[in-house]
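[1] 3D model of this:
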Amino acid sequence: MNRPCCLRLALLLLLCAGGPSVHAADRPQPVDEAATLDDVRYVIGLTAANAPIYWGQNERSTGLRPFVALRWGKLRISNSGAGGLIGETNAGGASTDLLDRDGWRLRTGLRIDRGRRIQDDSEQRLSDLPRVRGTLRGRLVLTRTLPGNAAWSLTVAPDLLGREGGTTLQLGYFRQLATPEWLSGLGGQWSVGADLNMGSKQYMQSYFGVPQGAQRFVPYEPGAGLRNASLGLGWQRQLDHDKHWVLFGGAAAQRLLGPAADAPFVQRTGTWTVNLGLAYRH
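    This next block holds a predicted model:
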């Protein structure tokens, strides 16, 4: 596949499948086993995930979606869930390195935020909640690499179009693990990730607020504060000698915190997500 075709395919799937949700925001990312990456590298695959339909809901949904990632020199483009296969452990989008020196990395980028469109609510519990318009988010990520294949990261993601998306802040930790003896039969490579997420007042009001006049819930105007914490386990395994085909999966537990946990429509503050995918990369 030539460079223009890779780039067009990556941009198309990024526009169609990218965007924040409870499915994407806390899904464990697979680890890239390659010690070095080629100047041009692409990943195409499918992933299936089971997760709540929205933050704090009992109702769950299972979905199958395509994903793609492209690394072209310092440029990375991916939709959510694919970036980990090209060394990008944050949410999907387009990004490039500004600084990579002495264990410190500063990365900037853009990400499409599709807003809130709850389509799987068969009980219509959330029908009173207004739609949140999609927008374009900036992203600035500062990463500190640690001994033992571990890293801390701090990510800031503001709404660049002023569409009431506010700003999010994430503190994350990531570490590659030795394969536990009791899981040695599966082989592959394991990783663990944890993060703490916060939102500005505008973000919290858009995604967790309840407007006046809602029939099912009392009005609620949250302020800035914590959104959730998550802890996840990721796994991947090469399926062929040339390391083109990759099977990967993960599971994560999340808990809503602060103003998000107090939202009137929240049924439960603790939940989990799981995903399994197959990818081809070159």
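
[2] From residue 269, how far out is residue 105?
    In this view, residue 105 and residue 269 are 33 Å apart by Cβ to Cβ, to the nearest Å. (Glycine included, C-beta is placed from N, CA and C.)

[3] Ok, residue 231 next?
    14 Å.

[4] what do you get for residue 281?
    37 Å.

[5] neighbours of residue 209, just the number please.
    21 (other Cβ atoms under 10 Å).

[6] Please, where are all the strands along the stretch 151-282 of the chain?
    Remark: strands assigned in the stretch 151-282 of the chain by DSSP state E, counting those that start in this stretch are 167-177, 189-199, 225-238, 245-256, 270-281.

[7] one step back: quick one, which of residue 281 and residue 269 is more surrounded?
    More crowded of residue 281 and residue 269, by other Cβ under 10 Å: residue 281, with 21 against 16.

[8] Would you mind naming the residues that bridge with the more buried one?
    residue 43 (DSSP bridges).

[9] Offset the numbering so it begins at 3, please.
    All right, first residue 3 from here; so that's residue 283.

[10] Quick one: neighbours of residue 119, just the number.
    Around residue 119 there are 11 residues (other Cβ under 10 Å).

[11] Quick check, residue 87 in contact with residue 283.
    Yes: applying Cβ atoms under 8 Å as the test, residue 87 and residue 283 come out as touching, 5.8 Å apart.

[12] hey, what's in contact with both of these two?
    45, 71, 248 (Cβ atoms under 8 Å, 6 or more residues apart in numbering).

[13] got a winner among those residues for most neighbours?
    The shared contacts of residue 87 and residue 283, ranked by neighbours (other Cβ under 10 Å): first place residue 71, 28 neighbours.

[14] Could you give me the buried positions within stretch 149-160?
    Across stretch 149-160, burial judged by 16 or more other Cβ atoms under 10 Å covers 153, 155, 157, 159, 160.

[15] Now find how far off-centre it is within its chain.
    Taking the mean of its C-alpha atoms, stretch 149-160 sits 14 Å from the chain's own mean (Cα atoms, centre = their mean, to the nearest Å).

[16] what's the answer for stretch 140-158, then?
    Distance, centroid of stretch 140-158 to centroid of chain: 15 Å (Cα atoms, centre = their mean).

[17] how long is it end to end?
    For stretch 140-158, the first and last residues are 8 Å from each other (Cα to Cα, to the nearest Å).

[18] Residues contacting that stretch, please?
    By Cβ under 8 Å, 6+ apart, stretch 140-158 touches 91-93, 95, 97, 105-113, 159-160, 162, 169-178.

[19] hey, where'd the helices end up in this protein?
    5-19, 24-27, 203-210, 260-263 (DSSP state H).

[20] who does the last one touch, helix- and strand-wise?
    So that's helix 260-263. In terms of contacts (3 or more Cβ pairs under 8 Å, 6 or more residues apart in numbering; DSSP states H and E), helix 260-263 is packed against helix 203-210, strand 227-240.

[21] ok, back up a step: so which of the strands of the stretch 153-284 of the chain gets nearest residue 59?
    strand 272-283 (8.2 Å; Cβ to Cβ).

[22] other SSEs contacting that closest one?
    helix 24-27, strand 42-54, strand 62-74, strand 247-258.

[23] what would the ones you listed look like in CSV with distance to residue 210 and mean pLDDT?
    Converted to CSV, the helices and strands packed on strand 272-283 look like this (distance: least, Cβ to Cβ, whole Å; pLDDT from 0 to 100):
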stretch, distance to residue 210, mean pLDDT
helix 24-27, 12, 42
strand 42-54, 14, 89
strand 62-74, 19, 89
strand 247-258, 9, 94
